[in-house]
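In: the following block contains a protein sequence and its predicted model.
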Amino acid sequence: MDKKQTLHQKIIDATLTEISTNGIENLTAKNISKRAKTSTGIIYHHFDTMEGLVFATYSELMNELAKRRKQVRKKYPSDPVKRLKETMLVNFDKEFVNNTNRSAWTQLWASSVCNNNINELVNQYYKSLYSDIESDFKEFCDDASSRQNALSIISMIHGYWIELIITKNATVDECIDAANKCIDKANKVELIKSLI
């Protein structure tokens with residue numbers, strides 16, 4: 001990793017920590033520069049504006065999730081049930097859920113309501129995720145069931161994140177287990193239908 005990339009990553013990491021610690025509404029270049037051990041000028045040199053920095057930070061998070069999802073999906077080219085379960089593991093990866101930056105995710109979702117660029121970023125990610133999930137279900141379900149199951153899984157992902165981060169009513173393992181049961185149930189229903 002070259003020096004420029006290391007500094008870029010330090011600024012992104014510092015931004016995530018600042019968002020999680022002090023909230024996106026209190027984000028300042030001064031606080032980020034202290035955390036990243038650099039100057040505010042360097043931040044603006046790399047990202048032009050604070051909005052650009054926030055967008056780059058969230059883009060990196062989304063790109064990392066998409067990359068991880070793509071990697072695990074390649075491991076099971078002929079097993080849609082395993083791909084679905086691995087996709088859930090990526091979305092509830094303990095590195096993302098349990099680190100000190102986890103509240104940045106909920107702030108990303110909240111930001112997407114009033115920031116068109118972040119809204120587009122979030123929409124692109126979830127359209128891609130939904131497409132992957134629906135296409136996996138289509139390998140063993142009819143089109144209508146695939147859509148219903150994909151919507152259920154996407155809703156579970158959103159709902160469980162709220163349970164984990166905001167209400168703290170669930171653990172990561174409980175969320176993954178519940179999603180896996182939903183996937184297994186859909187698979188079993190389709191298997192029974194095929195036998196009738």
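Out: On my side now, so go ahead. Computed from a prediction, not measured in an experiment: that's the story for all the values here.
In: and the helices in this structure, which stretches?
Out: In the chain, the segments counted as helices under DSSP state H are 3-22, 29-36, 40-47, 50-74, 80-91, 94-97, 103-114, 116-137, 143-162, 172-195.
In: okay, buried residues for the fourth one please.
Out: The one in question is helix 50-74. 50, 53-62, 65-66, 68-69, 72-73 (16 or more other Cβ atoms under 10 Å). In this view, the C-beta of every residue, glycine as well, is placed from N, C-alpha and C.
In: list the contacts of the closest residue to Leu65 other than its chain neighbours.
Out: The shortest distance from Leu65 to any non-neighbouring residue, by Cβ to Cβ, 6 or more residues apart in numbering, is to Val90 (6.4 Å). By Cβ atoms under 8 Å, 6 or more residues apart in numbering, the contact list for Val90 reads Leu65, Arg68, Arg69, Val72.
In: and those, which is closest to Gly159?
Out: The closest of the contacts of Val90 to Gly159 turns out to be Leu65 (Cβ to Cβ; 17.6 Å).
In: test my guess that that closest one contacts Leu89.
Out: No - with contacts counted by Cβ atoms under 8 Å, Leu65 stays clear of Leu89, the gap being 11.5 Å.
In: so where is the chain shaky, pLDDT-wise?
Out: The model of the chain has pLDDT under 70 over residues 1-5, 96-102, 194-196.
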